[in-house]
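Student: Model the following, please.
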Amino acid sequence: MTKQKNEELKKVRKEKNEELKKVRKELKQIITDKDKMLKKVMKEKKEELEKVINDNDKMLEEERCEFEHTYELQEAHSELIRGFRDLSGEGSVIGVKRMGEVDEKPFLKVCEQRFNGENVGLQHAMLCSEWQKNINDSAWYPFKLVVTGEKIKEVVDDEDEKLKKMSEEWGEDVKNAVTTALEELNDFNPSGRYSVPALWNFEHGRKATLSEGIAHMTQQIKNLKRQRT
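Tutor: Residues are numbered from 1 along each chain as shown. A predicted model of the protein is given here:
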C-alpha cells in the first residue's frame, strides 16, 4: 500500500513538474515577446523622435535663412531709399514717398479758391500742419473693422465725426487726402503714427518692387555718367 502511494505521489509530482515547466516556458515566451515588442516600440519612438528633431532643425534653418533673406531685402530697400533721395528728382517714375504724409495739393487748391494774396500760403500752411498733426495723433482713431470673405480688414471710418466735419468744411478732395494718409500709416507703420519713407512707383501709384528700384537706380547712374562725359 505504501509502495503504491509512493508511485502515485511520484506520478503527481512528475505531472506537476511538467505543468511547471510548461508554465515557465510560456512565461519565458511571453517575456521574450514583450521584450521584442518593447524594443520594437522603443525603436519606432526613437525614429519618430529623430524625425521630429530633424524636421525641427530643418525648420529652424529655413526660418533662419528666411530671416536673413528678409533682413537683406530690408537693408537693400533702405539703401535704395537713401540713394533715391540723392538721385531722383521731379517727375521720376521711381522715387521716395513718405507714407502717411498728407498730400498738400488739395489743400492748396481749396485755399486758392477761398483766400487771396498772402493769405493763400498762410492758410494753406496752417491747414496742412493742423491735419498732419491730427493724422499723427494716436489718440484719434478713425478706423473700423470690415469683413471681406474670410478676412478682417481695418479701414478708415467715413462716419468718423472729425472726418465728416472736415469734409463739410473743406470739401471731399481734402478729406480724401487725409484718408489716404491715414490708410498709408495703417499699412506701412501700424505700430506708430508717424510717416515713414517707402520706395514708390509714381507712374502706377503703388509701392515699387526691389527690382524696379534697382533697374531705375542703374539707369539714373548711367544717365549721370553720360552727362559728365
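Student: how about the strands in the chain?
Tutor: Taking DSSP state E as the test, the strands found in the chain are 94-99, 143-148, 151-156, 196-201, 206-207.
Student: right, and the ones you listed - which one's nearest K40?
Tutor: Across the strands of the chain, K40 has its closest neighbour in strand 151-156 (48.0 Å, CB to CB). All C-beta atoms are positioned from the backbone trio N, CA, C, and that covers glycine.
Student: so that closest one versus strand 143-148, what angle?
Tutor: Strand 151-156 and strand 143-148 are oriented at 150 degrees to each other (axes from the mean of the first three to the mean of the last three CA atoms, to 10 degrees).
Student: in its sheet, what does strand 151-156 sit against?
Tutor: Partners of strand 151-156 in the sheet, by DSSP bridges, are strand 143-148 (antiparallel).
Student: Report all helices and strands that the helix or strand bottoming out on mean pLDDT in the chain contacts.
Tutor: Ranked by mean pLDDT, DSSP states H and E, the weakest helix or strand in the chain is helix 2-87, scoring a mean of 76. For helix 2-87, the packing partners by 3 or more CB pairs under 8 Å, 6 or more residues apart in numbering; DSSP states H and E come out as strand 94-99, strand 196-201, helix 210-228.
Student: Would you mind putting the ones you listed into CSV with mean neighbour count, distance to K164 and mean pLDDT alongside?
Tutor: Output for the helices and strands packed on helix 2-87, formatted as CSV (neighbours: other CB atoms under 10 Å; distance: least, CB to CB, whole Å; pLDDT from 0 to 100):
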stretch, mean neighbour count, distance to K164, mean pLDDT
strand 94-99, 19, 24, 88
strand 196-201, 19, 28, 89
helix 210-228, 13, 38, 79
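Student: Output those as CSV; include the columns distance to F188.
Tutor: CSV is the format used below for those (distance: least, CB to CB, whole Å):
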stretch, distance to F188
strand 94-99, 4
strand 196-201, 5
helix 210-228, 16
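Student: quick check: domain ranges of this protein?
Tutor: According to automatic domain parsing, the chain comprises the domains 1-98+196-229, 101-194.
Student: highest average neighbour count across those?
Tutor: Per residue and on average, the most neighbours among those fall to domain 101-194, with a mean of 15 (mean count of other CB atoms under 10 Å).
Student: first to last residue in that one, what's the distance?
Tutor: End-to-end span of domain 101-194 (CA to CA, to the nearest Å): 8 Å.
Student: do stretch 158-178 as well
Tutor: Stretch 158-178 has its terminal residues 11 Å apart, counting by CA to CA.
Student: Let me see the backbone angles for D157.
Tutor: For D157, the backbone dihedrals (degrees, to the nearest 10) come out as phi -90, psi 110.
Student: Perfect, I'm done here.
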